[in-house]
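> give me a 3D structure for the following:
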Amino acid sequence: MTPGISTLVQFAAIVLISLVAGSTFGVWRGYNPMSFSPVTYLEVHQGTVRGLNVLLPAMAAASLVLVVALAFMSRDRAPVLMMYLAAIVGIVAGGAVTRLANQPINADIMTWTRETMPSNWTEIRDTWWQWHVIRTFISVATASILIAAVFSDRNSWNG
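Numbering: from 1, shown residues only. Next comes the predicted model:
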């Protein structure tokens, strides 16, 4: 691949993973549900799920495809390849947390109404929140690793 095509792939990968990390960070810092009333929690959580439950995993999946391509393009530059592989691991780890922990809880919460919220809703909320914090840190770390990989990759083009 030429540096021009690599630049486009790098740009798209950084934008997508940054949007994922920024979204999870924004939810973490702006949406701490611990002080919400049951009804407020239900309405906010369901609205957030409707807006992000498909979009964020799709962006993460697209970034994964792009970073795999970048890893392939850098296969002859071991230090750069290792950084892209670390970013791939981060994307997969964040996706696994989302798919195996947060999304099953989201699916349950989407069936709740004001009248049918379970009595242990705060325990469910807290479990979701713990997993969300974990995936936020994974996402931010992954974005950082990817950005570092791109800088390292670009430096390797220059000698």
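
> going by C-alpha atoms from here, please, whenever you check contacts or count neighbours.
Noted.

> ok, longest helix in this protein?
helix 121-157 (DSSP state H).

> list the buried residues in that one.
Neighbour-count burial for helix 121-157, with 16 or more other Cα atoms under 10 Å as criterion, is recorded at 125, 128-129, 131-133, 135-150, 153-154.

> equivalent analysis for stretch 63-80, please.
Residues of stretch 63-80 classed as buried under the neighbour-count rule (16+ other Cα under 10 Å) are 63-64, 66-71, 73-74, 80.

> where does the prediction get shaky in this protein?
Residues of the chain that meet the criterion pLDDT under 70 lie in 1-3, 157-159.

> show me where it has its helices.
For the chain, the helices defined by DSSP H cover 3-30, 38-52, 55-73, 78-97, 103-109, 121-157.

> distance between the third one and the chain's centre?
Here helix 55-73 shows a centroid-to-chain-centroid distance of 11 Å under the convention Cα atoms, centre = their mean, to the nearest Å.

> use 20 as the first number from now on
Taking 20 as the first residue, the last one we looked at is helix 74-92.

> what residues does it touch?
Contacting residues not belonging to helix 74-92 are listed as 20, 25, 28-29, 31-33, 35-36, 38-39, 99-100, 103-104, 106-107, 110-111, 114 [Cα atoms under 8 Å, 6 or more residues apart in numbering].

> what of the shortest one?
Here helix 122-128 makes contact (Cα under 8 Å, 6+ apart) with 61, 64-65, 68, 72, 143, 147.

> what do you get if the cut-off is 10 Å, keeping everything else the same?
Outside helix 122-128, the residues that touch it by Cα atoms under 10 Å, 6 or more residues apart in numbering are 61, 64-65, 67-69, 72, 115-118, 129, 136-137, 140, 143-144, 146-147.
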